[in-house]
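J.: Build me a model:
(2 chains)
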2 protein chains.
Amino acid sequence: MGRKRISIRNPQSQIPNRYMEHLKKLIREVPDFPKAGINFYDITTLLKDADGLKQTIDALADQFKGERIDTVIGVESRGFIFAAPLAYHLGAGFVPVRKPKKLPAEKVSVSYDLEYGQDTLEMHKDAVGEGHRVLIVDDLLATGGTAKAVVDLVEGLGGKIVGLSFLVELTFLNGRAKFDGYDVRALLTYND
Amino acid sequence: MGRKRISIRNPQSQIPNRYMEHLKKLIREVPDFPKAGINFYDITTLLKDADGLKQTIDALADQFKGERIDTVIGVESRGFIFAAPLAYHLGAGFVPVRKPKKLPAEKVSVSYDLEYGQDTLEMHKDAVGEGHRVLIVDDLLATGGTAKAVVDLVEGLGGKIVGLSFLVELTFLNGRAKFDGYDVRALLTYND
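T.: Predicted coordinates for the structure are as follows:
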């Protein structure tokens, strides 16, 4: 069968670059959304492609292969789209972190700063227990404010963060700097 | 090994009743949420249970085994939690139906009546094409208004509804009556 193919790996995402380029082609770029000057990476065109969806979930799961994970946390609402199949695939439970007033039982909440104003996220108090091994999942790592808030929620309940998993990382915003000592993975990176 | 165990089946959900009872035990009932007099079925306690999540997704997928499905549609945001793993499991694409102003590209939208006022949902215009075979997924079938709006969106784009899949059906609200001629499945039913 000839020589083994050598794949060049991206040190951050640890998946082959050729693979990353294939998935990137399925993402639609929408200029000036949600406001002028912002280039929006629209993941719905990737999600609607059956092979693209399967490859994405498999690749996200591969990044934490061999780790014991009790709980996969998804951040409302695009994070749900990746976190739920990952939980299913990894044989873990799924826990939603939601916007205020959505969860019905006893909750913990965290507020964090946005560019203008503040935002709040909530999680059920009994969703994560002492020593539970947790993977946090969202579609996008931008400035990292949301994910940092979720880390605080989980650790406040005694959970152990196995890692943070993102489909897309906007590296020029350097959100990764907020997670020194954590295992942060992104499948696709954009430098501008 | 003795006789084969005979399982009594629920004619609507077509899964064994004992199985349904097991999953129901994982659902938390929260009285008076979101307002007095409403008994809220909290699915987060089912989702956080790794076995419960796996059994739920597998059972939902089983109900449409053998059908060709191109696209699984999830309704924001709890619908995403079931639709995305179902799409992954069935080898289909995933399409989100979202609240207004969330989707970045060209959209179709539908408005429908609530108890007080109206609500609107949107979908990308290129998300479903002529003849695409679509499964609509949400967590809850109550009066059926939301799901009916999604049926209208999909059919307006030329999509063919293979079926509608719900985790929970509140049978006393008779939402099913809105879907004469459609294949409507619910895993768990509550009569009050």
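
J.: Check chain A for the residue nearest chain B and tell me.
T.: A:S77 (3.5 Å; Cβ to the nearest Cβ). Yep, even glycine has a C-beta here, placed from its N, CA and C like the rest.

J.: pLDDT-wise, which helix or strand of chain A ranks last?
T.: helix A:17-25 (a mean of 86; mean pLDDT, DSSP states H and E).

J.: Please work out the average pLDDT along the helix or strand encompassing A:H89.
T.: Assigned by DSSP states H and E, A:H89 belongs to helix A:78-90. The average pLDDT within helix A:78-90 is 98.

J.: Could you give the separation of that helix from the chain centroid?
T.: Distance of helix A:78-90 from the chain centroid (Cα atoms, centre = their mean, to the nearest Å) equals 9 Å.

J.: Also stretch A:144-153?
T.: That offset, for stretch A:144-153, works out to 11 Å (Cα atoms, centre = their mean).

J.: and if you look at stretch A:64-82?
T.: 7 Å.

J.: Next, the distance between the ends of that stretch.
T.: Stretch A:64-82 stretches 14 Å from its first residue to its last (Cα to Cα, to the nearest Å).

J.: before we move on, back to that, quick check: next helix or strand after the helix holding A:H89?
T.: strand A:93-97.

J.: Which strands or helices does the helix holding A:H89 pack on?
T.: helix A:50-62, strand A:71-75, strand A:93-97, strand A:133-141, strand A:160-170, helix B:50-62, helix B:78-90 (3 or more Cβ pairs under 8 Å, 6 or more residues apart in numbering or on different chains; DSSP states H and E).

J.: about what we covered before: check the spacing between the residue of chain A closest to chain B and B:G79 real quick.
T.: With distances taken as Cβ to Cβ, to the nearest Å, A:S77 is found 10 Å from B:G79.

J.: Mind checking which of the two has more residues around it?
T.: Applying other Cβ atoms under 10 Å in any protein chain shown to A:S77 and B:G79 shows that B:G79 carries more neighbours, namely 27 against 23.

J.: which residue packs closest to that one, ignoring adjacent ones?
T.: B:D138 (4.1 Å; Cβ to Cβ, 6 or more residues apart in numbering or on different chains).

J.: Can you give the distance of stretch A:40-47 from its chain's centre?
T.: Worked out by Cα atoms, centre = their mean, stretch A:40-47 lies 14 Å from the chain centre.

J.: measure that stretch end to end?
T.: Taking Cα to Cα as the criterion, the two ends of stretch A:40-47 lie 15 Å apart.

J.: near chain B, which residues of chain A show up?
T.: A:28, A:30, A:33-34, A:40, A:42, A:44, A:47-50, A:52-54, A:57, A:70-71, A:74, A:76-77, A:80-82, A:84-85, A:87-89, A:91-96, A:101, A:103-105, A:124, A:127 (Cβ under 8 Å from any Cβ of the partner chain).

J.: What's the ChimeraX syntax to select whichever of these are buried?
T.: Burial among the residues of chain A next to chain B is assessed by 16 or more other Cβ atoms under 10 Å in any protein chain shown; the matching ChimeraX selection reads:
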select /A:28,30,33,40,42,44,47,48,49,50,52,53,54,57,70,71,74,76,77,80,81,82,84,85,87,88,89,92,93,94,95,96,103,104,124,127
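
J.: Give the other helices and strands that the least confident helix or strand of chain A contacts.
T.: By 3+ Cβ pairs under 8 Å, 6+ apart, helix A:17-25 packs against helix A:50-62, strand A:184-190.

J.: run the last query once more with 10 Å
T.: Packed against helix A:17-25 by the contact rule (3 or more Cβ pairs under 10 Å, 6 or more residues apart in numbering or on different chains; DSSP states H and E) you find helix A:44-47, helix A:50-62, strand A:160-170, strand A:184-190.

J.: Run the angle between the third one and strand A:133-141 for me.
T.: What separates the directions of strand A:160-170 and strand A:133-141 is an angle of 10 degrees, with axes from the mean of the first three to the mean of the last three Cα atoms, to 10 degrees.

J.: in strand A:160-170, what's buried?
T.: Those would be A:I161, A:V162, A:G163, A:L164, A:S165, A:F166, A:L167, A:V168, A:E169, A:L170, for strand A:160-170 by 16+ other Cβ under 10 Å.

J.: Show me the beta-bridge partners of the third one.
T.: It stands for A:G163. Counting by DSSP bridges, A:G163 forms beta bridges with A:L135.

J.: Out of the helices and strands packed on helix A:78-90, which gets nearest to B:G144?
T.: helix B:78-90 (13.8 Å; Cβ to Cβ).

J.: For the helices and strands packed on helix A:17-25, give me JSON lines that also has mean pLDDT and distance to A:Y19.
T.: Conversion of the helices and strands packed on helix A:17-25 to JSON lines gives the following (pLDDT from 0 to 100; distance: least, Cβ to Cβ, whole Å):
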{"stretch": "helix A:44-47", "mean pLDDT": "98", "distance to A:Y19": "13"}
{"stretch": "helix A:50-62", "mean pLDDT": "97", "distance to A:Y19": "7"}
{"stretch": "strand A:160-170", "mean pLDDT": "98", "distance to A:Y19": "13"}
{"stretch": "strand A:184-190", "mean pLDDT": "96", "distance to A:Y19": "9"}
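
J.: Save those as CSV, and put in distance to B:R133 too.
T.: Output for these, formatted as CSV (distance: least, Cβ to Cβ, whole Å):
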stretch, distance to B:R133
helix A:44-47, 17
helix A:50-62, 12
strand A:160-170, 26
strand A:184-190, 28
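
J.: circling back: ok, now how distant is the residue of chain A closest to chain B from B:K99?
T.: When distance is defined by Cβ to Cβ, A:S77 is 9 Å away from B:K99.

J.: Mind listing the shared neighbours of those two?
T.: Shared contacts of A:S77 and B:K99 (Cβ atoms under 10 Å, 6 or more residues apart in numbering or on different chains): B:E76, B:S77.

J.: so what's the residue nearest to B:G79 up against?
T.: Per Cβ under 10 Å, 6+ apart, neighbours of B:D138: B:73-76, B:78-83, B:97, B:146-147, B:150, B:164-168.
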